[in-house]
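1. Quick one, structure for this:
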Amino acid sequence: MRDAGFNIIAAVEYNPQIAKTYMHNHPETKMFVDDIRNITTDEIEKIFMSQKVQCDIIFGGPPCQGFSMAGKRIRAKKSFLKDERNYLFKEYIRMVEKLRPKIFIIENVPGILNYNNGEVKQEIFETFRDLGYVLDAQLLCAADYGVPQLRKRAIFIGNRIGINPKILFPMKTNSLNNYVTVRDAISDLPPLDSGTGQVQTNYIKNFILTSYQQRMVSKSGIVFNHLSSKHKPETLKLLSMIKQGETMKDLPEKLRTKSVHSGAYGRMVYDEPAYTLTTRLNTPSVGRITHPVQDRTITPREAARIQSFPDDYLFIGDITSIGMQIGNAVPPLLAEKIGRNILNIL
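-> Numbers count the residues shown, from 1 in each chain. Just a heads-up that it's a prediction; the model follows:
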């Protein structure tokens with residue numbers, strides 16, 4: 001959203017390690033490293049007043065833990081917002097109610113639009129309407145907005161300034177015939193063997209960059225977080241036998257391992273967008289995260305490229321934390337296009 005032209009005044013992050021990454025890359029923003037339930041809107045309003053600005057927009061992705069047991073909740077006929085596990089969503093509503101932004105944006109899992117025959121979505125709509133907002137919700141695919149990933153997310157956009165909420169959603173810029181591919185995204189990054197790489201490394205010299213890569217590369221000539229996880233010999237042997245687009249299911253039956261993930265040990269296809277990335281970037285058994293032509297899982301930097309983070313965005317922490325930071329993020333390029341469209345209308 002910063003790249004769209006917004007001045008990000010304040011942010012909230014409970015996890016100190018994740019907050020450290022955000023503060024490093026967004027030094028201009030006041031970060032509250034705390035449980036949002038401990039943060040008063042008065043504290044945030046004081047920051048706005050000190051900078052002589054007003055709160056125009058609130059955006060976030062409040063998790064809905066109650067959905068992990070959605071079936072039980074539905075059988076019990078329990079209200080979505082009365083489910084104590086969804087307290088973060090209620091805290092988001094509190095911030096909107098007290099700070100009264102002109103516009104708010106919520107990102108969430110696609111299923112929120114259809115849970116309990118759409119009753120959850122309706123409850124969210126009614127809650128914000130009672131606060132004086134009109135809103136709409138749409139399912140957006142990141143690949144339709146120039147991100148090399150078939151990542152689908154539910155986006156809610158509401159406003160209290162009389163704008164038809166449907167026009168606040170950006171028009172698609174890409175389609176099946178011109179999607180940005182994995183090759184477009186990562187082919188210029190230095191090749192690595194399993195267990196090699198550095199926190200900082202240089203680009204390949206004289207490489208002809210795609211337009212997407214030109215957008216991603218850092219002006220300093222330094223690439224951060226391009227390190228490959230070390231895999232066991234038996235894992236590397238399995239990876240070497242799997243071709244682009246194939247998964248564990250394509251191996252001889254005697255070589256298949258037990259995994260609940262349908263895309264386990266899946267190798268990415270170079271000339272297609274990636275499937276949705278998750279938080280576990282270095283575990284082949286969790287999905288299609290094997291490099292298209294190198295026998296290893298993708299590095300954090302390759303994952304960041306596929307999520308549309310620029311190369312000068314440094315991720316701080318261990319691989320577990322960095323995986324969460326990248327895998328749980330809204331692709332910055334998608335966020336930028338949402339933000340630019342809103343600013344153009346305002």
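2. To which secondary structure element type does Leu281 belong?
-> coil (DSSP: H, G, I helix; E, B strand; the rest coil).
3. Gln244 too?
-> coil.
4. got a pLDDT number for it?
-> pLDDT, Gln244: 97.
5. what's the neighbour count on it?
-> 16 (other CB atoms under 10 Å). Placement of C-beta: from N, CA and C, glycine included.
6. which residues touch it?
-> Arg267, Met268, Val269, Tyr270, Pro292, Val293 (CB atoms under 8 Å, 6 or more residues apart in numbering).
7. Quickly check the residues you listed for the two that are furthest apart.
-> Greatest spatial distance among the contacts of Gln244 (CB to CB): Val269 and Val293, at 10.5 Å.
8. Between these two, tell me which one has more neighbours.
-> Val269 (18 against 12).
9. Where in this structure is the helix or strand with the lowest mean pLDDT?
-> Within the chain, no helix or strand scores below helix 70-75, which has a mean of 45 by mean pLDDT, DSSP states H and E.
10. from the contacts of Gln244, which single one is nearest Val109?
-> Met268 (22.5 Å).
11. correct me, but that closest one touches His291?
-> Yes: between Met268 and His291 there is a contact at 6.7 Å, judged by CB atoms under 8 Å.
12. which neighbours do the two share?
-> Ile298.
13. other SSEs contacting the one helix or strand Met49 maps to?
-> Per DSSP states H and E, Met49 falls inside helix 41-50. In terms of contacts (3 or more CB pairs under 8 Å, 6 or more residues apart in numbering; DSSP states H and E), helix 41-50 is packed against helix 87-99.
14. so after the helix it packs on, what's the next helix or strand?
-> strand 103-108.
15. Which residue, other than its chain neighbours, is closest to Leu192?
-> Ser228 (4.4 Å; CB to CB, 6 or more residues apart in numbering).
16. hang on, the earlier thing: contacts for the helix or strand just after the helix holding Met49, please.
-> Going down the chain from helix 41-50, the next helix or strand is strand 57-60, by DSSP H and E. Outside strand 57-60, the residues that touch it by CB under 8 Å, 6+ apart are 1, 6, 92, 95-96, 99, 101-107, 335, 342.
17. Quick one: mean pLDDT over strand 57-60.
-> Strand 57-60 comes out at a mean pLDDT of 95.
18. how about it as CSV, C-alpha atoms only?
-> Provided in CSV are the C-alpha atoms of strand 57-60 (Å, rounded to 0.1, in the frame of the first residue of the first chain):
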residue,chain,number,x,y,z
ILE,A,57,-8.0,3.8,5.5
ILE,A,58,-7.5,0.7,7.6
PHE,A,59,-6.4,-2.5,6.0
GLY,A,60,-5.6,-5.9,7.5
